[in-house]
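Colleague: Have a look; sequence and predicted model below, questions after that.
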Amino acid sequence: THTGERPYICDEPGCEYSATQAGSLDSHKRRRHSSETHALTLETHTRMHSSECPYACDTPGCDYRAAQAGNLTTHRRRKHNGEGSEGADGAPVPADE
């Protein structure tokens with residue numbers, strides 16, 4: 001790895017990524033070329049340009065809503081000492097679920 005050699009090359013058309021380790025290439029492919037990752041990223045990105053905010057703060061009297069679960073988590077941590085409803089994975093639950 002100290003030679004500058006990058007023998008692991010992404011085989012996706014138009015992608016020029018190369019890596020020194022096979023694991024780095026695998027991570028790259030999951031992050032950049034997975035259809036599931038792309039769909040979720042596109043959905044999140046689209047929400048940023050719309051008024052859709054499915055994540056609502058459940059603290060009584062608070063009307064904060066967010067387009068992204070992470071933004072609601074940050075809001076709860078800063079404004080309500082981290083308290084709020086989370087799913088089994090610890091992520092905020094959209095208001096309509």
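Modeller: Cool, got the structure.
Colleague: ok, which stretches of this protein are helices?
Modeller: 22-33, 35-48, 69-79 (DSSP state H).
Colleague: and the first one, average pLDDT?
Modeller: This predicted structure assigns helix 22-33 an average pLDDT of 88.
Colleague: For that helix, list the C-alpha coordinates in CSV.
Modeller: Extracted in CSV, the C-alpha atoms of helix 22-33 (Å, rounded to 0.1, in the frame of the first residue of the first chain):
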residue,chain,number,x,y,z
ALA,A,22,-10.4,-5.2,-1.9
GLY,A,23,-12.5,-4.2,1.0
SER,A,24,-12.3,-0.6,0.1
LEU,A,25,-13.5,-1.4,-3.4
ASP,A,26,-16.4,-3.5,-2.0
SER,A,27,-17.5,-0.5,0.2
HIS,A,28,-17.3,1.8,-2.7
LYS,A,29,-19.5,-0.4,-4.8
ARG,A,30,-22.1,-0.7,-2.1
ARG,A,31,-22.1,3.1,-1.5
ARG,A,32,-22.0,4.3,-5.1
HIS,A,33,-23.4,1.6,-7.3
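Colleague: Now do the contacts for the nearest residue to residue 47 once chain neighbours are set aside.
Modeller: Leaving aside its chain neighbours, residue 47 sits nearest to residue 67 (4.0 Å; criterion: C-beta to C-beta, 6 or more residues apart in numbering). C-betas here are computed from N, CA, C, even on glycine. Residues counted as contacts of residue 67 (C-beta atoms under 8 Å, 6 or more residues apart in numbering) are 44, 47-48, 50, 52-55.
Colleague: now residue 53
Modeller: Here residue 53 is in contact with 47, 65-67 (criterion: C-beta under 8 Å, 6+ apart).
Colleague: gap between the two ends of stretch 48-63?
Modeller: Using C-alpha to C-alpha, to the nearest Å, the span of stretch 48-63 from its first residue to its last is 18 Å.
Colleague: Counting neighbours, which bits of that stretch end up buried?
Modeller: 53-59 (16 or more other C-beta atoms under 10 Å).
Colleague: out of those, what pair is the most spread apart?
Modeller: Within the buried residues of stretch 48-63, 54 and 59 form the most distant pair, 16.8 Å apart (C-beta to C-beta).
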